[in-house]
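**Q** no sequence on hand, only this structure:
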């Protein structure tokens, strides 16, 4: 990095770990550090420990990616279930006061959508949906070349939509898309973790392959809904799908072909996420980069 390169700071906040990354506008990661969330009794201690690891600025902008619920417009973290004690945390105000740079907050699905759109499988398109397909199922939406968050930042909660009258539970609802298309949902279908189910399927276990097929077919319904509703150029799918695409793609696309409008589905690519395990780092930096860009536009 030369001396004139703008420096961005990203915080990826999670229940297991909190990471701090610095990088440039083209998302070259220059440094990374992390802490174990459980080592700190409250958010004050965790944030202090993270910021002590930050290199000297100045930073052009700061981005925070965190599981919801959040209020990005007010810069608040609102009691995420994986972060007990993080209640009404004024994260944006605190960072701006500590670092003297504008700070921005997004939920992890939106942050990952920005990352894949700017630097991964969504590069070059104007209309994209990103599906998390990990611990839960959520969507981040890029519409007409910018992040769409909805009236009060609740857009994209497709995991809450009911996919069947009954079935595995996800997002507090039996038969929801999250119940079928998430790590927790697959565990209910297979009787073991998604990772173990894929490993057993690789070894030829017919019951595990059937469980993954059921998840894939519901994923196809979810994709068809997004295609008919949003007419995207690409749908990018992360985590479990990206690691085990062989068990999902064919069955999901068969359902899409049956259920979605042909003209819309023909215009949409279904792709695995490209950023892999580093997506959290790219996501936090992308929130900083995109937040500053949108602020300058306004």
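**A** Noted; the coordinates are in hand. Please read these numbers as outputs of a predicted model, since none were measured by experiment.
**Q** so, low pLDDT: which residues of the stretch 1-150 of the chain?
**A** Along the stretch 1-150 of the chain, segments meeting pLDDT under 70 span 1-4.
**Q** again, only this time at 50
**A** 1-3 (pLDDT under 50).
**Q** would you map the helices across it?
**A** Taking DSSP state H, counting those that start in this stretch as the test, the helices found in the stretch 1-150 of the chain are 43-52, 91-99, 108-119.
**Q** and the longest one, what does it pack against?
**A** Yep, that's helix 108-119 we're talking about. strand 61-66, strand 128-131, strand 139-143, strand 146-148, helix 279-297 (3 or more Cβ pairs under 8 Å, 6 or more residues apart in numbering; DSSP states H and E). For glycine as for every other residue, the C-beta is placed from the backbone atoms N, C-alpha and C.
**Q** contacts for it, please.
**A** The contact list for helix 108-119 (Cβ atoms under 8 Å, 6 or more residues apart in numbering) reads 14, 27, 63, 65-68, 106, 122-123, 125, 128-130, 132, 138-142, 147, 149, 156, 236, 238, 273-275, 279-280, 282-287, 289-290.
**Q** quick one: residue 236 is in a strand?
**A** Yes: per DSSP: H, G, I helix; E, B strand; the rest coil, residue 236 lies within a strand segment.
**Q** oh, and call the first residue 12 from now on, that's how I've got it
**A** Right, with 12 as the first residue, what we last looked at is residue 247.
**Q** so what's the residue count around it?
**A** 29 (other Cβ atoms under 10 Å).
**Q** what does residue 234 give?
**A** With other Cβ under 10 Å as criterion, residue 234 counts 25.
**Q** got the contact list for the residue lying closest to it once chain neighbours are set aside?
**A** Nearest non-adjacent residue to residue 234, counting by Cβ to Cβ, 6 or more residues apart in numbering: residue 267, 5.1 Å away. Residues in contact with residue 267 (Cβ under 8 Å, 6+ apart) are 231, 234, 235, 238, 276, 281.
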